[in-house]
Structure formats: C-alpha cells, structure tokens
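> got a predicted structure here, sequence first:
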Amino acid sequence: MLEFQLPYYKHHMTLSIEDKERLAGVLVSNSETFVTKGGPADLVKKALKKPIASKPLSKIAKKKKHIVVITSDHTRPVPSHITMPIILKELRKHNKGVRITILIATGMHRPTTKEEMIEKFTKEVVENEEFVVHDAYKDEDMVFKGVLPSGGELWLNKLVDEADLLISEGFIEPHFFAGFSGGRKSVLPGVASKKTVLWNHNARFISHPASRAGSLLDNPIHKDMLFAAQAAKLAFILNVVINSEKEIISAYAGDPLKAHNEGCKLVAELARVKPIKADIVVTTNGGYPLDQNIYQTVKGMTAAEACVKPNGVIIIVSSCIDGHGGDFFYHTLADAPNAQAALDKIEGIDPSETVFDQWESQILARILVKSTVILVSDLCDPKIITDMHMLHAKDVDEAMAKAEKIVGKNSKVTVIPDGISVIVKD
C-alpha cells in the first residue's frame, strides 16, 4: 500500500494505491529538500541588506514623500505577515514621517476582505497602515501609461503616478502562461485596468507555444508585463521563493528585472521535472490559499496535462470553497454544449474582443478536450463542477473509482502532490 498526503484547503486528503506496480511515478519540486541558510525573516533581511543591482531600500526611500508598496491579494500565498513589517521598517529607517500606501494587487479578482487582510498582513499592520484595494473595473482610478509592445493600451492604477517611489513584494513560482509569477506581474495584471488585462490575456497569446510554465523567452504575455513594470517605474522588488508548506526558502531583492531573473533561475532549477506519462494523473492546486476556486485550480491541472495520456483522466484535489471564481469563466464553459465548442469559440475571438476570464476558460477547455477531469472537493457545489464539463468526487477514493471505470482498474497512475510547484518539460 502506497499513501500520499495531498494538500487540500487547510489540511490534507489521502491518496491510497494498493498495488505498488500501478504507480508510474511521483513528480515533486526539489524545493521540498532545499536547505535554507537561516530562518524566513533572516533570509528576507539578508536579501534587503544586499540587493541585486540596486542601492538598499532604506537609502532609496530616504527623501521620498509618498511610497506605494504593491502587494499580492488573498489568492496568493505570499507570507506578508513576515515580509511586510520588514519592508515597512526599511522604508522608515531614514524617513520616519514618509507616507506609505500599500496597494493590494487584485488584478481582476474580487476585492480582498478586511478579514483576509488581517490573516495575511497581521492585525497590527492592517490597523496602522494605509491600504488601497485595487479595482480593475473602475476606469476613473486608472491612468494611461502608453502602448504595450503587442499594441494594446496600458492603463494602470493612478497611484503609480502619485507615488515618488513604487516598489513591490511577491513570490516566484511557475506560472502556467506567464512563465513565472512575481516581479513585473505585480503591475500587470496586478494593478492594471480590466481593458489592459483583457488584451494581455487574449486567446492568441494564451495559445502561443512560449506561453507556458517556466518560459520567458519569446513569451508575448511576459513581454507586455515587462513593459508595464518599466512604464510604471517600478523601482525595487522583494520576491520570495516558498515550499509546499508556504515557508520561505529563498529571497531576492533589488532591481525588478535582475532580481526577478535570479529568483526565476532558482525556481526553474528546483521545479523542472520530466513528464511521466500515465492514464491517471493525480494532482492538487497546493492547498490554501491557492485552491479557493475553480478559476485558480486550472493552474494545477496544467502540470497533469503534460503527463496524462490521450483520453486519460486527471484527478485534481482542490477545495474550491469559493465556487467557480468568476461568472464569465463559469458561463463560458457551462453555456457551451461541450469543451470543444467552448474552445473553438474562444480561439476565434480577436484580442480586442477578449472577454473576462477567457484565458482560464481557454486553458480548461484545452485540457478537457484531451482528457476527463475529476475535481475532488467536499466544500464546493458539485453542480458548478459538472456544469463546467468536469466530474465531481467528494474524496480521492471516489475519484479513483470513477477514473478506473474510464481507463481500467489496472491503469498506471502518476502523482503530482503539488501541481503548481513543478515545471513539467521533456
């Protein structure tokens, strides 16, 4: 008997495989065995003390009047309860009275609630600092910053112009179409207008062969994001690398491009694994906070997509406690007779006509055309899942039983305990 503990919301589900011969392989990031040199806070302080291609943050902030710190929202596991107090202390080291605004980069997600802010940043920080939650749907809050390399208009939160120093914090992980998270992504899509996000996430870019996890070279989505960060005058970043327990294992600070690139090198080194093909691939979205909805859960499916055989089954364990995560995302799939019809419609949409959450629908439809997806959750309405052309199971045993009816009881199984932590490439 083989057993695997799969992250699910704030705890785990157990996958049991009775016959060891059925296991094709297990894909895990080397971040789980990465040896850190110091505790989480120490790693952050060390990175800030010796920034990459930049003066220390405290010196940059010395004579500034209004500093804006872009930070991630409730859907990202950035350990801001550790990083933000350290950043704030550095900013005020030589500038006690400076005005600091913390801008939560929601992209096009729902607003972060006060309860979620307290959980993420601590009650002390939330009650004593100035916070603004970005709203991509408020055109009056945006400022025009030029034309993207791809031809779209760049509109960003007007706070980027009101600040005399713009910095950001975030974390670096494989990203299923931007290559990696972190760095420039805090600006686009983080604090961009809906019209800019829609253009950047268009169907042509999503289907581009370079728009994949671990890929930055020739990635059209990444190119637009870099331009946006430069246009916003993002001056300094602090990005961390975390393991599956959401613990900081490395930190990078300094020049937005160079520091991010160094962090991406480590993540690529740790995360890259070769695909192990199987009829059944079991994966997750890494647990809370990344598995709060189906929208985010598509990310974890892409690692399994690279391993599942044609007409095979992907089992993904994800709470989806908040439901689908977007009405447009839901209806693009649910209102189509099948996944192929949804995919055909999306791929025919011009970049200028991109609709909300189209990119996530496109990737999910692409996966569903090739394989059956069984979403495991006892916290999500099963009808939402089945409406979107997936199967539902309340636990892993039920999912395995359903998968075996499709591909056979003795079919091989590949296990990816954390689907968003790996880059699956030959």
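Received, thanks.

> so residue 358 sits against residue 332, correct?
Yes - Residue 358 lies in contact with residue 332 (C-beta atoms under 8 Å); the separation is 6.6 Å. (C-beta placed from N, C-alpha, C; glycine too.)

> quick check: neighbours shared by the two?
residue 346 (C-beta atoms under 8 Å, 6 or more residues apart in numbering).

> those two: which has the busier surroundings?
residue 332 (24 against 21; other C-beta atoms under 10 Å).

> backbone dihedrals for the nearest residue to that one once chain neighbours are set aside, please?
Spatial nearest neighbour of residue 332, chain neighbours left out: residue 361 (3.8 Å); criterion: C-beta to C-beta, 6 or more residues apart in numbering. In terms of degrees, to the nearest 10, the main-chain angles of residue 361 are phi -60, psi -40.

> ok, residue 361 - contacts?
328-329, 332-333, 342, 346.

> element containing residue 289, please.
For residue 289, there is no host helix or strand (DSSP states H and E).

> tell me how many other residues surround it.
Neighbours of residue 289 (other C-beta under 10 Å): 22.

> which residues in the stretch 201-350 of the chain form strands?
In the stretch 201-350 of the chain, the segments counted as strands under DSSP state E, counting those that start in this stretch are 234-242, 248-254, 272-273, 278-284, 308-317.

> to residue 295, which of the ones you listed lies closest?
strand 308-317 (13.1 Å; C-beta to C-beta).

> given that closest one, what are its sheet partners and their directions?
Applying DSSP bridges, strand 308-317 is found paired with strand 278-284 (parallel), strand 372-376 (parallel).

> most packed of the ones you listed?
Comparing those on average neighbours per residue, with mean count of other C-beta atoms under 10 Å, the densest one is strand 278-284 at a mean of 28.

> do you know the pLDDT at residue 38?
Residue 38 carries a pLDDT value of 89.

> point out where the stretch 151-300 of the chain drops to low pLDDT.
Regions of the stretch 151-300 of the chain meeting the criterion pLDDT under 70 are absent.

> all helices of it, in order?
159-162, 194-200, 203-206, 220-231, 256-271, 294-305 (DSSP state H, counting those that start in this stretch).

> cool, and the stretch 301-426 of the chain?
Under the criterion DSSP H, counting those that start in this stretch, the stretch 301-426 of the chain contains helices at 327-334, 339-347, 358-370, 382-387, 396-407.

> wait, which of these is closest to residue 46?
helix 358-370 (36.5 Å).

> okay, the angle between the closest one and strand 372-376?
120 degrees (axes from the mean of the first three to the mean of the last three C-alpha atoms, to 10 degrees).

> what angle separates helix 358-370 from helix 294-305?
Going by the same axes, to 10 degrees, helix 358-370 makes 40 degrees with helix 294-305.

> out of the helices of the stretch 301-426 of the chain, which gets nearest to residue 52?
helix 358-370 (30.8 Å).

> what mean pLDDT does that closest one get?
Mean predicted confidence for helix 358-370 is 97.

> show me what contacts residue 323?
Here residue 323 is in contact with 293-294, 380-381, 384 (C-beta under 8 Å, 6+ apart).

> re earlier: just send the helices of the stretch 151-300 of the chain back as TSV, with mean neighbour count too.
Formatted as TSV, the helices of the stretch 151-300 of the chain follow (neighbours: other C-beta atoms under 10 Å):
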stretch	mean neighbour count
helix 159-162	17
helix 194-200	22
helix 203-206	20
helix 220-231	22
helix 256-271	21
helix 294-305	26
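
> distance to residue 32 for these - can I get that in CSV?
Below are those laid out as CSV (distance: least, C-beta to C-beta, whole Å):
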stretch, distance to residue 32
helix 159-162, 37
helix 194-200, 32
helix 203-206, 30
helix 220-231, 27
helix 256-271, 9
helix 294-305, 15
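
> of all those, which lies closest to residue 183?
helix 256-271 (3.1 Å).

> tell me what angle the closest one forms with helix 220-231.
140 degrees.

> just the angle for helix 256-271 relative to strand 248-254, thanks.
Using the same axes, to 10 degrees: helix 256-271 against strand 248-254 is 160 degrees.

> centre of the chain to helix 256-271, how far?
15 Å (C-alpha atoms, centre = their mean, to the nearest Å).

> equivalent analysis for stretch 249-258, please.
Taking mean C-alpha positions (C-alpha atoms, centre = their mean), stretch 249-258 and its chain are 18 Å apart.

> got the CA positions of it in CSV?
Output in CSV follows, covering the C-alpha atoms of stretch 249-258 (Å, rounded to 0.1, in the frame of the first residue of the first chain):
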residue,chain,number,x,y,z
ILE,A,249,13.3,29.1,1.4
SER,A,250,15.0,32.0,-0.5
ALA,A,251,14.6,35.7,-1.1
TYR,A,252,15.6,38.2,-3.8
ALA,A,253,15.6,42.0,-3.6
GLY,A,254,16.7,44.8,-5.8
ASP,A,255,16.3,45.7,-9.5
PRO,A,256,12.9,44.5,-10.7
LEU,A,257,14.3,42.7,-13.7
LYS,A,258,17.6,41.4,-12.5
